[in-house]
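In: kindly generate the corresponding structure for this input.
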Amino acid sequence: MNPICNLEAEQVVLGTLIGDPKAAHFVGMLHIDDFGAKQHRLIFEAFEIAASEGRHASPVVLTPQFRGQKVGGISMAEYLSRIMSMMTRRECISDYIRALKDMSGRRVLAEMSIRMKEVSNSASASLPEFLDQLTDACDGIMSG
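Out: This is a model prediction of the structure:
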């Protein structure tokens, strides 16, 4: 798991999306990169696929895609049930989404700081190209 991650907020958002069919419209506010935990990225991706096919991404629909996978020693079916128990009211989900966006932005900044060090230590790295990438990354954070 990425250390720059709000695991509980990720669980609440996914639990709400999975547990409340009327919350599915919030998926448009999210991107897979908003999730720092690998298992949450996988769940979100499966959720998006089910939603694009017009299906409610319930645990019954999602679980077959994760046969044999475990999260923290429990089956994915058990994990999906656990995160569904953490769901919040639709009126509150945007606060959790903002928390995910904040963490996502921080992960981008951390990645760019590593890249910045690499560029500053390399005489052959293109500074203008890196600055364009950095600007794009910052713009992405601000619009996220």
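In: most distant residue from the middle of the chain?
Out: Of all residues in the chain, Ala123 has its C-alpha farthest from the mean position, at 35.3 Å, by CA atoms, centre = their mean.
In: shouldn't it be within a helix?
Out: No - under DSSP: H, G, I helix; E, B strand; the rest coil, Ala123 sits outside any helix and is assigned coil.
In: distance of it relative to Met84?
Out: 53 Å (CB to CB, to the nearest Å). The C-beta positions use only the backbone N, C-alpha and C, and glycine is treated the same way.
In: before we move on, back to that, can you pull the pLDDT of the residue farthest from the centre of the chain?
Out: On pLDDT, Ala123 comes in at 87.
In: do you know how far it is from Arg115?
Out: Counting by CB to CB, the gap from Ala123 to Arg115 is 16 Å.
In: kindly check the end-to-end length of stretch 86-94 for me.
Out: Stretch 86-94 has an end-to-end distance of 15 Å (criterion: CA to CA, to the nearest Å).
In: do the same with stretch 55-74
Out: 25 Å.
In: what sits against the residue nearest the centre of the chain?
Out: In the chain, the centroid-proximal residue (CA atoms, centre = their mean) is Phe35; its distance is 1.8 Å. With CB atoms under 8 Å, 6 or more residues apart in numbering as the criterion, the residues that contact Phe35 are 10, 41, 44, 100.
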